[in-house]
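Asks: Mind looking at a prediction? Sequence and model below.
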Amino acid sequence: MNGNLAEFTRRALERGIDRREISRALAEAGWPPADIDAALRTFAAVEFPLPVPRPLRQVSAAEVFVYLVMFVSLATSATSLGGLFFEFIEQAFPDPLHVAYAGEADQIRANVRWHLSALIVSFPIFLFVFHNIGRAVRREPSRRQSWPRKWLTYGTLFIVVVCVVADVTTLVYYALGGELTPRFVLKILTVAVIAGGIFLFFLVEMRRDETA
């Protein structure tokens with residue numbers, strides 16, 4: 001945070017100026033809303049003659065590890081679910097030009113078993129870690145502002161947006177060429193639904209963090 005902004009906010013609070021008035025003055029001066037909110041959140045809204053600073057959290061390696069586990073398990077779950085649906089689509093709508101080879105059926109069963117195994121292992125891990133993180137955030141709301149949470153959330157959203165854009169671009173490309181088939185459309189929809197679900201999930205989480 002900008003040092004001048006923090007100092008101004010502290011002095012304004014010392015003089016008993018209402019937080020809404022401080023926010024309005026800073027907005028008129030051109031400060032971004034996010035910086036204004038961060039400056040005001042630096043000081044607790046408690047009754048005391050002087051502004052009371054909130055405690056600064058130190059990010060530990062354990063916290064980074066927990067968030068990495070959550071996001072990796074989510075990515076594994078998403079890719080496994082997508083791979084599982086792709087295998088089902090391939091079987092429901094086979095390519096008429098595809099020539100079967102010896103052992104193909106065994107390979108398909110192995111692929112399904114692998115995707116299903118990864119999903120069974122990774123998704124409960126994601127739910128468990130996400131639940132524990134949510135419980136920790138409720139106990140200590142300042143955790144919402146931790147940089148591992150923010151960076152990994154935005155990184156996930158970036159990857160999801162790239163996937164959706166690539167997905168739609170591919171759909172338009174084949175549509176313009178008149179090459180759309182049921183199996184292709186279903187695969188595109190699978191990616192769109194999974195990526196869109198993750199995007200909406202984390203978008204809600206980000207809005208909660210901003211309003212906390």
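Replies: Sure thing, it's come through.
Asks: Next, the buried residues of the longest helix seen in the chain.
Replies: In the chain, assigned by DSSP state H, the helix with the most residues is helix 104-139. Buried residues in helix 104-139, counted by 16 or more other Cβ atoms under 10 Å: 115, 118, 119, 122, 123, 125, 126, 129, 133, 137. No exception for glycine: its C-beta is placed from N, CA and C like everyone else's.
Asks: Let me see the contact set for the second one.
Replies: Looking back up the chat, that one is residue 118. Going by Cβ atoms under 8 Å, 6 or more residues apart in numbering, residue 118 touches 76, 77, 79, 80.
Asks: buried subset of the residues you listed?
Replies: 76, 77, 80.
Asks: right, and the first one touches residue 122 too?
Replies: When you say that, I think you mean residue 76. Yes - at 3.9 Å, residue 76 and residue 122 qualify as touching, with contact defined as Cβ atoms under 8 Å.
Asks: what angle separates the next helix or strand after the longest helix of the chain from helix 104-139?
Replies: On the C-terminal side of helix 104-139, the closest following helix or strand by DSSP states H and E is helix 147-176. Between the axes of helix 147-176 and helix 104-139, defined by axes from the mean of the first three to the mean of the last three Cα atoms, to 10 degrees, the angle is 140 degrees.
Asks: any idea which helix or strand comes after helix 147-176?
Replies: Next along from helix 147-176, by DSSP H and E: helix 182-211.
Asks: For residue 7, state which of the buried residues of helix 104-139 is nearest.
Replies: Comparing the buried residues of helix 104-139 against residue 7 with Cβ to Cβ places residue 137 closest, at 29.2 Å.
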